[in-house]
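J.: Please work out how this folds:
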Amino acid sequence: MLPRLTRFPWLVVVAFLALGPKGSPAAENPASPAKSAPTLVLSGLGEGLADLDGPWQFHPGDDPAWAAPSFNDSQWAQITADKPWGAQGYGSSAGFAWYRRHINIFQAPGVSPDIALLIPQVDDAYELYWNGALVGRNGTFPPHAFWYFTQPPQTFGLGHIDSGVLAVRVWKAALASSDAAEIGGFEATPVIGSSQAIAARKAAMDFKWLRSNQFEFGIDSLYVLVAVLSFLAWLRDRKQWLLFWMAGYTIIPLVRLILVGLRLPWSNDLGSGLLQPAIMVQDVSLWFLLLWLLKLQDSKKLVSLTRVIATIFCIALCLDGMVVLGWGSIRWTGFLQVTDALLTAIFTPLEAVPLIIVAAAVVQRKRLEPSRWLALHPLDSRRQDQSAAFFSQWEFSQCAFPRQYIAPHCDCLRGRSVVH
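T.: Here you go, the predicted structure:
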């Protein structure tokens, strides 16, 4: 499975959809019937920005001749660039496809003649052509496919232009078990304007992204603090395995932040491959952490069962991470998709282990001290991610979460045991 960023990846059925169409020129259910290619007229460009919205000519497949402005694309289907092609009648499609947009530009007098383009996000690799000339690319195509795991919007200079055809050649990697069918190509509308205006828009988008992620950055920093303190406390008393598993669980948000949250230029293969074992460590740490918090560490049968399941889980996720490393290989696409689907079918049911552990505690009628309930409360990391979107303007003084989270460790850090 490629990057699994949620706590419960209940997408097994999607894994088998990955065995479906890989994107052929005859994609089914085109978004709209063929029409004459419309021309987008942009007047006064340079005073502001313009969205390249409206219908784009679109066609799955690949032919270098499609970059030429003289190519007749009137028989192509039309879709928009504000959402992926998978959401516009080309679901589960992968491989190559082309977008074309006919544009007439009338620049405002007295402004910079240099025009630039801002591309928010394209899934996965792409090349840009203006009137048949290559003006930029992001990633590389097969046979040595390379595309980025996460990245900010990209800008490309077009120079002094007036009228012509903007063509975008896109390559989408084969769908993985965690991929929805409604992906591929543009994810948001491109923007055109003067170089200065495009640079300002890019800066504004980057600032907005940074501000919206402040809460998550803060929470992840607290997780790292808890991980370090827990590990140091465990070094003082190696019998306190609760602290060891707490350190394993709370250090992973930092790994996820580095691989995903900071939008660093990781290749998709490397980012996904590293994320899989990281998630494995966090899940297994959670299972054993629950055993200790719920005072089930003396239940030999339950502990042994958890160890066996953890071993199977680790092997499956490590193998799945290895599958990711070759995901861009066209030659092995079918084999990789089948393997990914099988491994996903193995480790996804094992995500129910926390429910089994909690059920065992209920059956045995375990009574917990308040500090243990406080520790159990924030263990759902998915809740953090959702909270970050809603409470990004919170100040840390308004957030009681860190206090609750660290509370169970206070006694240990003073030299007293936290396990009663």
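J.: Partner strands of the longest strand seen in the chain, with direction?
T.: The strand that spans the most residues within the chain, counting by DSSP state E, is strand 95-107. Strand 95-107 has the following strand partners under DSSP bridges: strand 39-45 (parallel), strand 56-60 (antiparallel), strand 163-172 (antiparallel).
J.: would you turn these into a markdown table with distance to V224 and mean pLDDT?
T.: Any C-beta I mention is one placed from the backbone N, CA and C, and that applies to glycine too. Shown next, in a markdown table, are the strands paired with strand 95-107 (distance: least, C-beta to C-beta, whole Å; pLDDT from 0 to 100):
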| stretch | distance to V224 | mean pLDDT |
| --- | --- | --- |
| strand 39-45 | 47 | 88 |
| strand 56-60 | 44 | 97 |
| strand 163-172 | 35 | 95 |
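J.: which of these is buried the deepest?
T.: strand 56-60 (a mean of 25; mean count of other C-beta atoms under 10 Å).
J.: Show me how far it is from its chain's centre.
T.: 26 Å (C-alpha atoms, centre = their mean, to the nearest Å).
J.: just to revisit the earlier point, now the strands paired with strand 95-107 as CSV including distance to L350?
T.: As requested, these are exported to CSV (distance: least, C-beta to C-beta, whole Å):
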stretch, distance to L350
strand 39-45, 51
strand 56-60, 37
strand 163-172, 30
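J.: related to what we said a few turns ago, partners of whichever helix or strand comes after the longest strand of the chain, with directions?
T.: Next in sequence after strand 95-107, counting helices and strands by DSSP states H and E, comes strand 114-119. Using DSSP bridges, the strands paired with strand 114-119 are strand 154-160 (antiparallel), strand 191-194 (antiparallel).
J.: which one of these lies closest to M280?
T.: Closest of the strands paired with strand 114-119 to M280 is strand 154-160, at 32.2 Å (criterion: C-beta to C-beta).
J.: Tell me the buried residues in the closest one?
T.: Q154, T155, F156, L158 (16 or more other C-beta atoms under 10 Å).
J.: and the last one, how far is that from F106?
T.: The gap separating L158 from F106 is 15 Å, by C-beta to C-beta, to the nearest Å.
J.: ok, now the third one?
T.: Counting by C-beta to C-beta, the gap from F156 to F106 is 21 Å.
J.: just I192 next, same as before
T.: I192 is 13 Å from F106, by C-beta to C-beta.
J.: now swap in S194 and tell me
T.: For S194, the distance to F106 - C-beta to C-beta - is 13 Å.
J.: tell me, what's touching those two both at once?
T.: By C-beta atoms under 8 Å, 6 or more residues apart in numbering, S194 and F106 have these common neighbours: L45.
J.: In terms of neighbours, single out the busier of these two.
T.: More crowded of S194 and F106, by other C-beta atoms under 10 Å: S194, with 21 against 13.
J.: I'd assumed L117 was in contact with the more buried one.
T.: No: judged on C-beta atoms under 8 Å, S194 makes no contact with L117 at a distance of 11.1 Å.
J.: hang on, N138 packs against Y126?
T.: Yes: between N138 and Y126 there is a contact at 5.6 Å, judged by C-beta under 8 Å.
J.: Now do the shared contacts for those two.
T.: In contact with both N138 and Y126: I119, using C-beta under 8 Å, 6+ apart.
J.: okay, those two: which has more neighbours?
T.: With neighbours defined as other C-beta under 10 Å, N138 and Y126 compare such that Y126 has more, 23 against 19.
J.: pretty sure the more buried one belongs to a strand, no?
T.: Yes: residue state for Y126 (DSSP: H, G, I helix; E, B strand; the rest coil) corresponds to a strand.
J.: Of the strands paired with strand 95-107, give the one that comes closest to V281.
T.: Closest among the strands paired with strand 95-107, using C-beta to C-beta: strand 163-172, at 30.4 Å.
J.: Cheers, nothing more for now.
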